[in-house]
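A.B. asks: Could you look at this predicted model? Sequence included:
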Amino acid sequence: MEDMTLRVEDPAVELARLERGRASYGDSLHGFSSVVQAAVAGAEWAWARLYEDFAPYVRGYARGHGATDPDDLVSEVFLRAVKNLSSFEGGPNDFKAWILTIAHHRLVDEIRARTRRPLELAPDDVLAAHGAVRDAETEAVDRVHLAAVLDGTRTLVPAQRDVLLLRVVAGLSVEEVARITGKGVVNVRVLQHRAVAALRRKIARDWV
Amino acid sequence: MKRTRRITSHEIDQLFAGSTSAREPADLGAAIAELRSELLTPADEAVAARHVKAIAEAAREAVGEGLVGAESGAITDAWRRIVMRSKTLVLKVAAGATAGLMSTAGMAYAGVDLPGTAVEQAVEAVLGLELPNQADRTDAAADATTQDAADRAKAGARNEGSGNEVSDFASGHEGERGCEFGQAVTEVAQSDKNQDAADSRTCQEPKGSRATGEAKSAEGRAKADEHSADAGSNGDGASAKGKATAGAASANGEEKSAAASDKGKGSEKSGSAGGSGDDASAGGQSTAEGKSAEGKAKGDEGSAGSGEQGGRP
């Protein structure tokens, strides 16, 4: 694996060099490592790239957990990433798992802080914005479906919700979810089974 | 009621990947897809631009402060852990010591009898306070009280002994009454006081050797013989002297005669008594007591009596 540790001697020179090599990294490890090095040096374009690619996962995970202010949480997670980015090693998928680990810890803190407060998973404005260009009947059905799904995730226990959201929203593997949540692979599999079963029961009851 | 089929792990993986199998109800796949599309929405552009600017600024500040690099970050983290651990340990120790000191100081101030003087010294050293009611002062007070009680008991016992002597003397002369009897009783009582004074002197003064006492006793006897001869020739004068010495002899009594034989001081007294009268030189109990009483009671006849007694060394 490529050494991602950055040694910055002159930030301005380093930024200019990274600016010249600015390119779409895609799945290329070398391209991604260049972006990460630029981000460590403080290149705004590099952070814009990382934010564009990975912030939606963090935001979706936060919204799925009913975070009070998902955008604020995304900003906080990326600011935490700034301090430790120089020690990061890996490709885009590793970065996604890494930044979602930060988000998970931050959400655990927030959930502990508001244990007795009900989740706000589906604000009306979110539901109103969903499917705005479709006809009224389709939109009505979809809103009912979406409300049922979101309500179904709300009824899950936190551990099941963690696994479901990380698997569905971030598209992570069972092993990656196990690393992020600090649980065993078998435990994650059991949790996702129960989560899907609960969601299935909920849909069968509400989507009739 | 229709029982739903259990979904396998493989089917769940397919479901989350977005490919629903033919056996799986489409509703569940659609629900998962809807959930993903609903939650994976990009942030508002203005919000995203503001965030990116702030994040890049923070990254540049971190580079300027030299916080970039795994090595420096690791050292910083390790140092922070060490400092925090040390702080915690010091705080715990300080809190424990302060709590212990304050509790003992509080108990001491409240008058609780603390064991030893270690705590008092610690409080005095640390807080500069002198604590009352401590063990050393309590001991001193207890000692003083004990000494007082012992003195009182001793005095009581002495008074009791003196009273017994006077009482014995009075009961031994039941047939006698009047002024002379009263005078005799008074002298017995006074003799106790003199005895106390003599005892105290004996205790305070250094004791002489037995040889010295015997030598002085012999000297006293010789003087007594000389005076007894004078008493026999002088008659009334001797009887008067005998009266006087009888009182002294009766005062000393048996104890003094015994002391005269054992100690140098006693022999001195015996000698002086013998110098004053014959009865004292005899040194015996019966001689001293009986003859002194006779000498006093019989007046003029005392000259003859004292002459007889003086003949008995």
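C.D. replies: Perfect, I can see it now.

A.B. asks: mind checking the backbone torsions on the residue in the stretch 101-250 of chain B that chain A sits nearest to?
C.D. replies: Residue of the stretch 101-250 of chain B nearest chain A, by CB to the nearest CB: residue B:102 (35.7 Å). Quick note: C-beta positions are derived from backbone N, CA and C, even for glycine. The phi and psi torsions at residue B:102 (degrees, to the nearest 10) take the values phi -70, psi -40.

A.B. asks: Give me the residue ranges of chain A where confidence is low.
C.D. replies: Scanning chain A for pLDDT under 70 picks out A:1-30, A:115-145, A:206-208.

A.B. asks: How about the stretch 201-313 of chain B?
C.D. replies: Where the stretch 201-313 of chain B drops to pLDDT under 70, the residues are B:201-217, B:224, B:227-313.

A.B. asks: If we use 50, what do you get?
C.D. replies: B:203-209, B:231-293, B:295-313 (pLDDT under 50).

A.B. asks: could you pull out the strands for chain A?
C.D. replies: Using DSSP state E, no strands are found in chain A.

A.B. asks: coming back round to it: any idea how many residues pack against the residue of the stretch 101-250 of chain B closest to chain A?
C.D. replies: 12 (other CB atoms under 10 Å in any protein chain shown).

A.B. asks: per-residue pLDDT, it?
C.D. replies: We have a pLDDT of 89 for residue B:102.

A.B. asks: what helix or strand does the residue in the stretch 51-200 of chain B that chain A sits nearest to sit in?
C.D. replies: Ranking the residues of the stretch 51-200 of chain B by distance to chain A (CB to the nearest CB) places residue B:60 first, at 3.3 Å. Element membership for residue B:60, per DSSP states H and E: helix B:45-64.

A.B. asks: now do residue B:84
C.D. replies: helix B:70-109.

A.B. asks: follow-up on the earlier one: now the residue of the stretch 51-200 of chain B closest to chain A, nearest residue through space, not along the chain?
C.D. replies: Counting by CB to CB, 6 or more residues apart in numbering or on different chains, the nearest residue to residue B:60 once its immediate chain neighbours are dropped is residue A:42, at 3.3 Å.

A.B. asks: Then residue A:194?
C.D. replies: Using CB to CB, 6+ apart, the nearest residue to residue A:194 is residue A:160, at 5.6 Å.

A.B. asks: what's the distance between that neighbour and chain B?
C.D. replies: Note on residue A:160: its distance to chain B, by CB to the nearest CB, to the nearest Å, is 13 Å.

A.B. asks: Based on its surroundings, how many neighbours for that residue?
C.D. replies: 21.

A.B. asks: And residue B:95, by the same measure?
C.D. replies: 10.

A.B. asks: Residue B:168 too?
C.D. replies: 11.

A.B. asks: Assign it to helix, strand or coil.
C.D. replies: helix (DSSP: H, G, I helix; E, B strand; the rest coil).

A.B. asks: quick one: pLDDT of it?
C.D. replies: So, for residue B:168, pLDDT stands at 80.

A.B. asks: same check, this time on residue B:68
C.D. replies: 51.

A.B. asks: Kindly report the same for residue B:12.
C.D. replies: At residue B:12, pLDDT is 83.

A.B. asks: any idea which element it lies in?
C.D. replies: Here residue B:12, judged by DSSP H and E, is contained in helix B:9-17.

A.B. asks: Whatever helix or strand comes next after that helix and chain A, any residue contact?
C.D. replies: Proceeding N to C from helix B:9-17, the next assigned helix or strand is helix B:26-39, under DSSP H and E. Yes: interface with chain A: helix B:26-39 contributes B:27-28, B:30-32, B:34-36, B:38-39 (CB under 8 Å from any CB of the partner chain).

A.B. asks: I'd like those residues as CSV, with neighbour count and pLDDT appended.
C.D. replies: Listed next are those as CSV, based on neighbours: other CB atoms under 10 Å in any protein chain shown; pLDDT from 0 to 100:
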residue, neighbour count, pLDDT
B:27, 17, 74
B:28, 21, 78
B:30, 16, 81
B:31, 26, 80
B:32, 23, 84
B:34, 18, 82
B:35, 23, 84
B:36, 19, 85
B:38, 23, 83
B:39, 26, 86
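
A.B. asks: from those residues, which single one is nearest residue A:64?
C.D. replies: residue B:39 (5.2 Å; CB to CB).

A.B. asks: Skipping adjacent residues, who's closest to that closest one in space?
C.D. replies: For residue B:39, ignoring the flanking residues on the chain, the nearest one in space by CB to CB, 6+ apart is residue A:60 at 3.5 Å.

A.B. asks: Spell out the residue ranges of the helices in chain A.
C.D. replies: Secondary structure of chain A (DSSP state H): helices located at A:11-20, A:29-41, A:44-64, A:70-84, A:92-113, A:124-129, A:136-155, A:158-168, A:174-181, A:185-206.

A.B. asks: so can I have a markdown table of those helices showing distance to residue B:51?
C.D. replies: Below are these laid out as a markdown table (distance: least, CB to CB, whole Å):
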| stretch | distance to residue B:51 |
| --- | --- |
| helix A:11-20 | 20 |
| helix A:29-41 | 13 |
| helix A:44-64 | 6 |
| helix A:70-84 | 5 |
| helix A:92-113 | 13 |
| helix A:124-129 | 20 |
| helix A:136-155 | 25 |
| helix A:158-168 | 21 |
| helix A:174-181 | 22 |
| helix A:185-206 | 31 |
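
A.B. asks: So which of those is nearest residue B:80?
C.D. replies: Closest approach to residue B:80 among these is made by helix A:70-84 (12.4 Å; CB to CB).

A.B. asks: counting contacts, what elements does the closest one pack onto?
C.D. replies: In terms of contacts (3 or more CB pairs under 8 Å, 6 or more residues apart in numbering or on different chains; DSSP states H and E), helix A:70-84 is packed against helix A:44-64, helix A:92-113, helix B:45-64.
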